[in-house]
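S.K.: sequence plus predicted model, see below.
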Amino acid sequence: MSVYELFIGFRYLKSKKSQGVVSSNTLLSIFIVFLGVFILIVVLSVMNGFQAAIKDKILDVDSHVTIQSMYGQTEGSGLRGYEPLLAKIRDVDDVRSAEPYIMSQGLFRYGTNISPVMVRGVGRGGVIPPDVGKFIVKDIERFDKQGARDLSEKVVSDFFNSRSVFIGQEMALNYNILIGDYIELIVPKGTLAVKTGITPGMERFRVIGFFKTEYYDFDTKLVILSLPQAQRLFEVGDTVTGIGVKINDVMYRMNNVAEKINALLDYRYLVMTAEEKNRNLFYALQLEKLIMMIILFLVIISAGFTIMGTLVMVVMEKRKAVGILKSMGAKPNSIMVIFILEGFFIGIIGSFIGVVCGIAAALNLDAIIRWVENSINAVVGGIYGMFDLGFFTRINLVPSHVYYIEGIPTEVKPELVVFIAVIAVFLCTVAAIFPAWNASRMQPVETIRYE
């Protein structure tokens, strides 16, 4: 590729009538490439942000790694003799904490309302785990220097020494439950037996506080009580469902730590990461992102067809120039390179503008959405007031009671941005091959004869 090929390829982007202005066809091609890259970056950044936000909320409450007994290994499904296991697991590198827990399904009843819930027993020795305590939103006395919330001694004492529970704030709002009210839990008692099966049991518990994790399933369907109270409720003795492990580096070390624990325990227990436990949710999010990426890449492919049509018209427009170049000794390969470079330049310019605008929009999307909301509400509210149409309810483009996330989380991944830009430039360059090949086959005499 020589300098004159670069010069002529860039020159052909401009209009024939006004060599200082880019032609309208070229502008249209650049705009479509820009639009495809821009939308891809913004949409995928939002989807990455939502996926990361949901994952963080699950990992904040649930364990990063869980250890349970293998099915059929012991009678029932509980884990006995877990103290030696706790000592081993806590010695593993990157393990922040390891605590036994009980987790089982049950029914919740308050007044005439009955609903399925998950019952979770946590905490031993009169200490509420910090990963649970930080979500308690009622009876908070103060914050320490690290930002952790300290519960009053009375609440902690009631949590371990009486039939008391924490429920989600959303659950309390849904059923109009106040602190001090009593709820009933219906759960399977004891272990599964061949002859008798499992006997259901029902007990009353007093609500002593609410928690808010900002994850809808937890805040509406999770009931937390102390581990001793849960063992007594389910009548399982000194048995737990499993051991929950929190690690320091969730993003990069979770699978590694899980494998270390599995090897340390001689692969005799069921060791699962949070991603494996919630694989259906994360798989659905990944599949949704993949489908959206494919759909939006079709926009860039449509830009490729636009570029192809633009270059076909440019070839017809430049027939005389191509004939002159060939008569001056330009080789067919040089002619082909000139028109391929035109498609390449369109891809570069459109991708660059799309990347810059896409990143800027993704990083400031929440402020942009708020501005659009305020503008719409101002206009519609003014219309309501002008024509006396009655009471106006503000419009929320991202209602928190539907998405259950404050604002719009976004996460711009540099590698994904580079991938989108490279693919866009590649598709634009490929789209220019056929018109360029057609131009390279032109005969000099035939192209000049009728000009």
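M.R.: Ah, there it is.
S.K.: list the residues that contact the nearest residue to Ile89 once chain neighbours are set aside.
M.R.: Of all residues not flanking Ile89 in the chain, Ala98 sits nearest, at 4.4 Å (C-beta to C-beta, 6 or more residues apart in numbering). (C-beta placed from N, C-alpha, C; glycine too.) Contacts for Ala98 were tallied using C-beta atoms under 8 Å, 6 or more residues apart in numbering; they are 86, 89-90, 243-246.
S.K.: ramachandran angles for Ala98?
M.R.: phi -140, psi 120 (degrees, to the nearest 10).
S.K.: tell me the pLDDT at it?
M.R.: pLDDT, Ala98: 88.
S.K.: coming back round to it: among the contacts of Ala98, name the buried ones.
M.R.: 86, 89, 243-246 (16 or more other C-beta atoms under 10 Å).
S.K.: picking up where we left off before, ok, what's across the strand from the residue nearest to Ile89?
M.R.: Legend: beta-bridge partners of Ala98 under DSSP bridges are Val245.
S.K.: quick one: it from Val245, how far?
M.R.: From Ala98 over to Val245 the distance is 5 Å, taken as C-beta to C-beta, to the nearest Å.
S.K.: what residues are shared contacts of these two?
M.R.: With C-beta under 8 Å, 6+ apart as the test, Ala98 and Val245 both reach Ile89.
S.K.: thought Ser69 was touching Gly81?
M.R.: No - with contact defined as C-beta atoms under 8 Å, Ser69 does not reach Gly81; the gap is 10.1 Å.
S.K.: where exactly do the strands run in the stretch 151-300 of the chain?
M.R.: For the stretch 151-300 of the chain, strands defined by DSSP state E, counting those that start in this stretch occupy the ranges 164-168, 182-193, 197-211, 222-226, 242-247, 269-273.
S.K.: could you point out which of these sits nearest Ala439?
M.R.: strand 269-273 (56.5 Å; C-beta to C-beta).
S.K.: in contact with the closest residue to Glu170 other than its chain neighbours, which residues are there?
M.R.: Spatial nearest neighbour of Glu170, excluding adjacent residues (C-beta to C-beta, 6+ apart): Asp219 at 4.1 Å. Counting by C-beta under 8 Å, 6+ apart, Asp219 touches 168-171, 211-213.
S.K.: can you redo those residues as a markdown table with neighbour count and pLDDT?
M.R.: Converted to a markdown table, these look like this (neighbours: other C-beta atoms under 10 Å; pLDDT from 0 to 100):
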| residue | neighbour count | pLDDT |
| --- | --- | --- |
| Gly168 | 26 | 89 |
| Gln169 | 21 | 86 |
| Glu170 | 21 | 87 |
| Met171 | 23 | 91 |
| Phe211 | 23 | 87 |
| Lys212 | 15 | 84 |
| Thr213 | 21 | 81 |
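S.K.: switch these over to TSV; also include distance to Thr239.
M.R.: Output for those, formatted as TSV (distance: C-beta to C-beta, whole Å):
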residue	distance to Thr239
Gly168	26
Gln169	31
Glu170	31
Met171	27
Phe211	25
Lys212	30
Thr213	27
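S.K.: now, among the residues you listed, which is nearest to Gly390?
M.R.: Distances from Gly390 to the contacts of Asp219, taken by C-beta to C-beta, are shortest for Glu170, at 30.6 Å.
S.K.: compute the first-to-last residue distance for stretch 80-94.
M.R.: End-to-end distance of stretch 80-94 (C-alpha to C-alpha, to the nearest Å): 25 Å.
S.K.: buried residues, it. List them.
M.R.: 82, 85-86, 89, 92, 94.
S.K.: got it, and stretch 234-248?
M.R.: 234, 236, 239-247.
S.K.: low pLDDT regions in the stretch 151-300 of the chain?
M.R.: Within the stretch 151-300 of the chain, the segments meeting pLDDT under 70 span 151-152, 190-199, 251-252.
S.K.: give me that answer again for 50
M.R.: 192-196 (pLDDT under 50).
S.K.: at the geometric centre of this structure, which residue do we find?
M.R.: Gln51 (1.2 Å; C-alpha atoms, centre = their mean).
S.K.: show me the contacts for that one.
M.R.: Gln51 sits in contact with 282, 285-286, 289, where contact means C-beta under 8 Å, 6+ apart.
S.K.: and the helix or strand that it is a member of, which residues are buried?
M.R.: In the assignment (DSSP states H and E), Gln51 maps to helix 24-61. Within helix 24-61, the residues that count as buried by 16+ other C-beta under 10 Å are 25-30, 32-51, 53-55, 57-61.
S.K.: likewise for stretch 169-183?
M.R.: Buried-residue list, stretch 169-183, by 16+ other C-beta under 10 Å: 169-172, 175, 177, 183.
S.K.: now the end-to-end length of it.
M.R.: By C-alpha to C-alpha, one end of stretch 169-183 lies 14 Å from the other end.
S.K.: what comes into contact with that stretch?
M.R.: Contacts of stretch 169-183 (C-beta under 8 Å, 6+ apart): 108-111, 113, 137-139, 165, 167, 204-212, 216, 219-223.
S.K.: can you rerun that using 10 Å?
M.R.: Residues from elsewhere that reach stretch 169-183 (C-beta atoms under 10 Å, 6 or more residues apart in numbering): 108-111, 113, 115, 117, 135-139, 155, 163, 165, 167-168, 203-216, 218-223, 401, 404.
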